[in-house]
Structures are given as structure tokens and as C-alpha cells.
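[1] Fold the following for me, if possible:
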Amino acid sequence: MLKLYHVSSLVPEFHGRKDVEIAWFRHPSRPLPTQDEIYPEYAIGELFTEDEAAALKQYLDREHGDSTTIRPANNTISNVPVVGRGVWGTGVLWLDHGPRYNLPFAVRGYYDTRHCERVAPITEDEITRLPGTKELMTEEEFNQWRATRKAAGEAIDIETCELAVWHADDAADPYGRDDDREWYQAGKHEWVRSPESRG
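    Presented below is the predicted three-dimensional model:
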């Protein structure tokens, strides 16, 4: 029976958060020669063989020094990274694009900072640089900030404000915080801001 493994790293500080877990997975997913039914079909190709997991851990220990753990995979859905849909505080790292990456298979890493403690309070400068810094805010802070957008927009001087174009959701959540919907349609949106508008 083919045995498969999860590999994850615990990073002490990442994107302004403490103790963030990164769940590594093979990319692209590939079929494996197994008829075992203990693994979810869609996840088999993202897991690692014993040799692959050992090689990945050795690389991570050497290049990054974070605490990396190997554990056997099972049929528990929660053990499988949920990758693919953009949700605030989550993302994918392209480990195989690093300058010293030398493993014969591509690896990506899924992270979720939403429930990790923040290293330090968000600063006014970081708020001004929103939306690029939105992951530094807690969900409560972000919702409070978003509630001020109408008043901030009414106070902006159109003659002196900064104009920019970013891709954002076309439907109901251009600020990228609606985690419950199953689909997103991105399009170009024009944004205005000033030093006084706090993002």
C-alpha cells in the first residue's frame, strides 16, 4: 500500500502574524499508482511520498530553518489544504520559484493568517497603503474601517486625490472580505484616496 504524507512548517512571523502554519503541497497535482480509498481522490496528487517528504523537509531545514513537520496522511478532509479561492488572510507561496530550489518536483504552500495573533498593531502608514496591507488587520478592524468608506469618499477632494486602478470583485465585495460566496468575478475598478481618507 502506498503511504502518503503531509508536510507543514510553522513560521514564527509571517505577514505581520505570529506562528503561521504553511501546508506544503505538490503542484501541479499528479496521478499516483494506487487504488487505495483511504485518501480523498482530489488530494492524492498534492500529497508527498515518504522520499519526497524527507527531501522537502531537508530543503526547508537548510534554506529556511523553520520548524517543519512530516505526518502521515489520512482521509480527514481538514488535513487537506483548501487551495484555489481567494479569501482574505490566505494565500499560496510558490516555493519552487526560489533561487536555490533544487528538488525535482514543484511545491507550493498554503497559509491562513486569519486566526493568528498579530505581531504589532497596524500603523496609520499601513492603513494608508490599503488594500495591499489589509491582511495586517483583524476582521473586526477591517469591518470597522470598511464602514467608514462612504464618509471618507465624501470628504475626498477630487482635484488633489490619488487615482488608481485595481482588480477586484465585480459583484458584491470589492474589498475582498466576503468569505462565504462560492464564486468571484474580478474586473478593473477605479479607486480614489487621499492622505486623510485612511486608505
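[2] how does the chain divide into domains?
    Residue ranges for each domain of the chain read 5-112, 124-193, as given by automatic domain parsing.
[3] Endpoint to endpoint, the first one covers what distance?
    Taking CA to CA, to the nearest Å, the span from the opening residue of domain 5-112 to its closing residue is 20 Å.
[4] go on, the last one?
    Terminal residues of domain 124-193 lie 14 Å apart, using CA to CA.
[5] Under the pLDDT cut-off, which ranges of the protein? List them.
    1, 29-43, 75-88, 127-135, 166-186, 189, 195-196, 198-199 (pLDDT under 70).
[6] give me that answer again for 80
    1-2, 28-45, 74-89, 114, 120-143, 145-146, 149, 153, 157-199 (pLDDT under 80).
[7] what packs against the helix ranked longest in it?
    Longest helix of the chain, by residue count under DSSP state H: helix 50-63. Contact here means 3 or more CB pairs under 8 Å, 6 or more residues apart in numbering; DSSP states H and E; on that basis helix 50-63 packs against strand 5-14, strand 67-72. From N, CA and C alone the C-beta is placed, and that goes for glycine too.
[8] Point out the most buried one among those.
    Highest mean neighbour count of those: strand 5-14, a mean of 18 (counted as mean count of other CB atoms under 10 Å).
[9] And residue 28, how far from residue 107?
    11 Å (CB to CB, to the nearest Å).
[10] For those two, indicate the residue with more neighbours.
    residue 107 (24 against 9; other CB atoms under 10 Å).
[11] For residue 18, which non-adjacent residue is spatially closest?
    Nearest non-adjacent residue to residue 18, counting by CB to CB, 6 or more residues apart in numbering: residue 117, 4.7 Å away.
[12] contacting residues for residue 61?
    Contacts for residue 61 (CB atoms under 8 Å, 6 or more residues apart in numbering) come out as residue 68.
[13] Make 811 the starting number, not 1.
    All right, first residue 811 from here; so that's residue 871.
[14] ok, now how distant is it from residue 975?
    Taking CB to CB, one finds residue 871 at 42 Å from residue 975.
[15] Tabulate the helices and strands packed on helix 860-873 in JSON lines, adding columns for distance to residue 1001.
    Output for these, formatted as JSON lines (distance: least, CB to CB, whole Å):
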{"stretch": "strand 815-824", "distance to residue 1001": "27"}
{"stretch": "strand 877-882", "distance to residue 1001": "39"}
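[16] Of all those, which one is nearest residue 954?
    strand 815-824 (24.1 Å; CB to CB).
[17] Do you have the helices of the chain handy? List them.
    So, for the chain - with DSSP H - the helices run 860-873, 934-938, 949-956, 959-965.
[18] ranges for the strands of this protein?
    Remark: strands assigned in the chain by DSSP state E are 815-824, 827-836, 877-882, 900-903, 917-922, 972-979, 996-1003.
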